[in-house]
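Asker: I would like the atomic coordinates for the input below:
(one chain, ligands or ions: 1)
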Amino acid sequence: MNIKKLAAEKAVDWVEEGMMVGLGTGSTAAYAIEKIGERVKQGLHIRAVATSVQSENLAREWSIPIIPFAEVGEIDLTIDGADEVDPNLNLIKGGGGALLREKIVAARSRQVMIITGENKVVQKLGAFPLPVEVVTFAHEWTIEKLASFGCKPVLRQTKDGDVFKTDNGNYTVDCHFNVIEDAARLHHQLNNIPGVVDNGLFINMASAVVVAYESGVIEVLRAPARRS
Ligand SMILES: O=C[C@H](O)[C@H](O)[C@H](O)COP(=O)(O)O
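Answerer: Modelled structure (predicted):
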């Protein structure tokens, strides 16, 4: 059972004619982009904004009209993946290196639909290393400050052993916490470190999470009415 594809294709049911759609990043979001692309080929008219160069390229392959963020206005619906989801629908994102653009697009969206398999739903966030985007200048010092919050920080590298750079030209530090007791507090603390651009905690941003199970069942978890 391809649970990523199952969740992604279900979420695309929420895409309607004329919408401005935010396109997430990662392997799960790619299934959603492809499904949206199929619907566009069948005559659906939407416009979209992408959260990464990778997703923008995929969307263009499917002839999905891509609008620069500056011209977007409000986004009706964003569909994106996640690395972990907790019972309050708080998230860890950024495993694919796109957390900053993803967070900006989510913040501009009326509805943020997260798509995931059951394996990413956890009681407490933190088993997945928390990605933190940092500026390259003085990153060694920023990494020391990150470590002072009780994690093991690892500067992300590419498969070839080069330092990984985000679409924004920054570095990513993967912070191994094992467990995060107070995600909202940690989010603010990390973002207060000079040199940190943003971190992968998405607090109160998801409107709903589509969870697909190996059994084929799909569950839609809804956030309390903080976004509508
Ligand atoms: O930066 C990447 C994103 O936050 C992804 O949505 C997240 O890492 C999940 O990726 P995937 O769907 O490939 O597991």
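
Asker: quick check: closest non-adjacent residue to residue 9.
Answerer: Residue nearest to residue 9 in three dimensions, not counting chain neighbours: residue 35, with 4.9 Å by CB to CB, 6 or more residues apart in numbering. Any C-beta I mention is one placed from the backbone N, CA and C, and that applies to glycine too.

Asker: for residue 201, that is, sorry about that
Answerer: Closest residue in space to residue 201, ignoring its immediate chain neighbours: residue 187 at 4.1 Å, by CB to CB, 6+ apart.

Asker: gap between the longest strand along the chain and the chain center?
Answerer: Assignment by DSSP state E gives strand 109-117 as the longest strand of the chain. Relative to its chain's centre, strand 109-117 lies at 9 Å (CA atoms, centre = their mean, to the nearest Å).

Asker: if we can go back for a sec, give me phi/psi at the residue nearest to residue 9?
Answerer: phi -70, psi -40 (degrees, to the nearest 10).

Asker: contacting residues around it?
Answerer: Residue 35 sits next to 8, 9, 12 when contact means CB atoms under 8 Å, 6 or more residues apart in numbering.

Asker: cool, and residue 190?
Answerer: Residue 190 touches 132, 146, 149, 175, 196, 199, 201, counting by CB under 8 Å, 6+ apart.

Asker: now stretch 147-162 - C-alpha only, CSV.
Answerer: Provided in CSV are the C-alpha atoms of stretch 147-162 (Å, rounded to 0.1, in the frame of the first residue of the first chain):
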residue,chain,number,x,y,z
ALA,A,147,23.2,22.6,21.3
SER,A,148,22.6,24.6,24.5
PHE,A,149,18.9,23.7,24.2
GLY,A,150,19.7,20.1,24.8
CYS,A,151,19.9,18.6,21.3
LYS,A,152,22.7,17.1,19.2
PRO,A,153,22.9,19.4,16.2
VAL,A,154,24.2,18.0,12.9
LEU,A,155,25.0,20.2,9.9
ARG,A,156,23.1,18.7,7.0
GLN,A,157,25.2,17.4,4.1
THR,A,158,24.3,16.2,0.6
LYS,A,159,24.9,12.6,-0.5
ASP,A,160,28.2,13.8,-2.0
GLY,A,161,29.4,15.1,1.4
ASP,A,162,29.0,18.8,0.6
